[in-house]
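>>> A predicted structure for the sequence below; I have some questions about it.
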Amino acid sequence: MSRILPLTPRNLNAARHRAEHAPTPEVREAASRLLTEHELAVATGRPLHRARPRPAFRTSRPSPLGSRLTGFLVGALALLGFLFVATVLWAHATDVAETMRQQASAMRGM
């Protein structure tokens with residue numbers, strides 16, 4: 001929602017519930033209609049001039065390096081990690097192949 005609401009959704013439901021069971025018929029009638037948050041707050045007597053805005057919810061902080069540089073650094077790190085893993089696997093495979101060649105030549109000599 002782009003506008004700041006005077007009531008949170010939970011407080012709005014509580015205000016509607018209290019208004020539905022209010023002792024005066026005017027407030028009960030007002031609660032039976034579909035009211036905006038402002039109308040319901042006025043009907044239930046909430047002091048809107050003292051309402052504090054709800055804090056905006058931010059999903060994440062922007063990167064101090066900028067989105068392009070951050071993406072580049074993450075990509076470079078991923079590439080280096082891939083190259084490291086590929087190098088270790090290649091060294092292991094060549095070592096295993098050399099060991100198997102030595103074993104085969106030793107078995108031929110028996």
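It's in.

>>> in the strand or helix carrying residue 16, what counts as buried?
Using DSSP states H and E, residue 16 sits in helix 9-20. Of the residues in helix 9-20, 12, 15-16, 19 count as buried by neighbour count, 16 or more other CB atoms under 10 Å. No exception for glycine: its C-beta is placed from N, CA and C like everyone else's.

>>> which of the residues you listed lies closest to residue 110?
Closest approach between the buried residues of helix 9-20 and residue 110, by CB to CB: residue 12, at 88.0 Å.

>>> sorry, back to before: what's the closest of the buried residues of helix 9-20 to residue 103?
Nearest to residue 103 among those: residue 12, at 77.6 Å, using CB to CB.

>>> tell me the domain boundaries of this structure?
Domain assignment for the chain, taken from automatic domain parsing, gives 9-50, 66-110.

>>> lowest average pLDDT across the ones you listed?
Mean pLDDT is lowest for domain 9-50 out of these, coming in at a mean of 68.

>>> that older thread, redo the domains of the chain as TSV? Include distance to residue 60.
What follows is the domains of the chain, written out as TSV (distance: least, CB to CB, whole Å):
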stretch	distance to residue 60
domain 9-50	23
domain 66-110	11
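
>>> single out the most deeply packed of those.
domain 9-50 (a mean of 13; mean count of other CB atoms under 10 Å).

>>> which residues of this structure fall in helices?
Taking DSSP state H as the test, the helices found in the chain are 9-20, 25-32, 37-44, 67-108.

>>> would you format those as TSV with distance to residue 61 included?
Shown next, in TSV, are these (distance: least, CB to CB, whole Å):
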stretch	distance to residue 61
helix 9-20	26
helix 25-32	41
helix 37-44	30
helix 67-108	12
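
>>> against residue 106, how distant is residue 99?
According to CB to CB, to the nearest Å, residue 99 and residue 106 sit 11 Å apart.

>>> actually residue 16, sorry about that
Applying CB to CB to residue 16 and residue 106 gives a distance of 87 Å.
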